[in-house]
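Trainee: the following comprises the amino acid sequence and a computationally predicted model.
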Amino acid sequence: MILLEVIATTVSDARAAERGGADRLELVTAMGEGGLTPSIGLIESVVDAVRIPVNVIVRPHSRAFVYDADDYAVMLRDVRAIAKTGANAIVVGMLRADGSIDTDGLARVIEAADGVQLTFHRAFDESRDLPAAFDTLLRFDAVTNVLTSGGKPSVLEAEDTIAKLVARATGTRCTVLAGAGLTVDAVAPFVASTLVRAVHFGSGVRVDGKGLAPVDEERVRRVRTSLDAPG
């Protein structure tokens, strides 16, 4: 089965995604800024409202993925708090100024998460060398998913890159989570082409395909049906 992750920004989004057949949520606020850390109240409310796993982004601002000491102080406080809410995983991403993965910062987040798994988000797509960055992330057992568009604005423009990353992840603990630009109609051919086992939807399952609109339960259901259809 192909895992379907849907972005939620509210409790009603979360419920609609679950009813439509989503397997997992990524909970964020400020989708217009690419997703920022949600409040503890929202996290706890969503965890209580649904039965499916809830992954929570920790991103203090949208200026860059290069963080200073003050940013990390905020992030580590958030990670420690979120780890106690019943969230399934924490979604983070951090780079050095040279475009490589900030492994020191990642290690600090892993320690603060205290056993809660991590998804590395699309900061990965801004790294200077995707294969090298992916190999770096594979060294961290806590990183169980890498969300990526293959370095392109739309993952549909990066099928070859995604297929290579999927092959690179074979036999590891890490899953390639393909997202950005997926649509109801395009997802099944994309999965068949890349052999990816997990997909991530934001605006593609929202009312009128608009990023700031509510989750459209019927669109989620159509994606689920497409993913579950015989090959």
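Mentor: In hand now; what should we look at?

Trainee: biggest helix in this structure, by residue count?
Mentor: helix 69-82 (DSSP state H).

Trainee: beyond that one, next helix or strand please.
Mentor: Next helix or strand after helix 69-82 toward the C-terminus (DSSP states H and E): strand 89-92.

Trainee: and that following strand, C-alpha only, in CSV?
Mentor: Provided in CSV are the C-alpha atoms of strand 89-92 (Å, rounded to 0.1, in the frame of the first residue of the first chain):
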residue,chain,number,x,y,z
ALA,A,89,7.0,12.3,14.6
ILE,A,90,8.7,15.7,14.3
VAL,A,91,9.3,17.3,10.9
VAL,A,92,12.5,19.4,10.7
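
Trainee: show me what the helix or strand following it is packed against.
Mentor: As assigned by DSSP H and E, the chain's next helix or strand after strand 89-92 is helix 103-113. Packing partners of helix 103-113 (3 or more Cβ pairs under 8 Å, 6 or more residues apart in numbering; DSSP states H and E): helix 69-82, strand 89-92, strand 117-120. (Glycine included, C-beta is placed from N, CA and C.)

Trainee: can you say which of the ones you listed is nearest to T225?
Mentor: strand 117-120 (25.2 Å; Cβ to Cβ).

Trainee: show me what counts as buried in the very next helix or strand once past the closest one.
Mentor: Using DSSP H and E, the helix or strand that directly follows strand 117-120 along the chain is helix 130-138. For helix 130-138, a neighbour-count test (16 or more other Cβ atoms under 10 Å) marks L130, A133, F134, T136, L137 as buried.

Trainee: and the first one, how far is that from S62?
Mentor: In this view, L130 and S62 are 22 Å apart by Cβ to Cβ, to the nearest Å.

Trainee: over to the fourth one?
Mentor: Counting by Cβ to Cβ, the gap from T136 to S62 is 24 Å.

Trainee: quick revisit: now do the longest helix of the chain, average pLDDT.
Mentor: When pLDDT is averaged over helix 69-82, the result is 98.

Trainee: next, the buried residues of it.
Mentor: Applying a neighbour-count criterion of 16+ other Cβ under 10 Å, the buried positions in helix 69-82 are D71, Y72, M75, L76, D78, V79, A81, I82.
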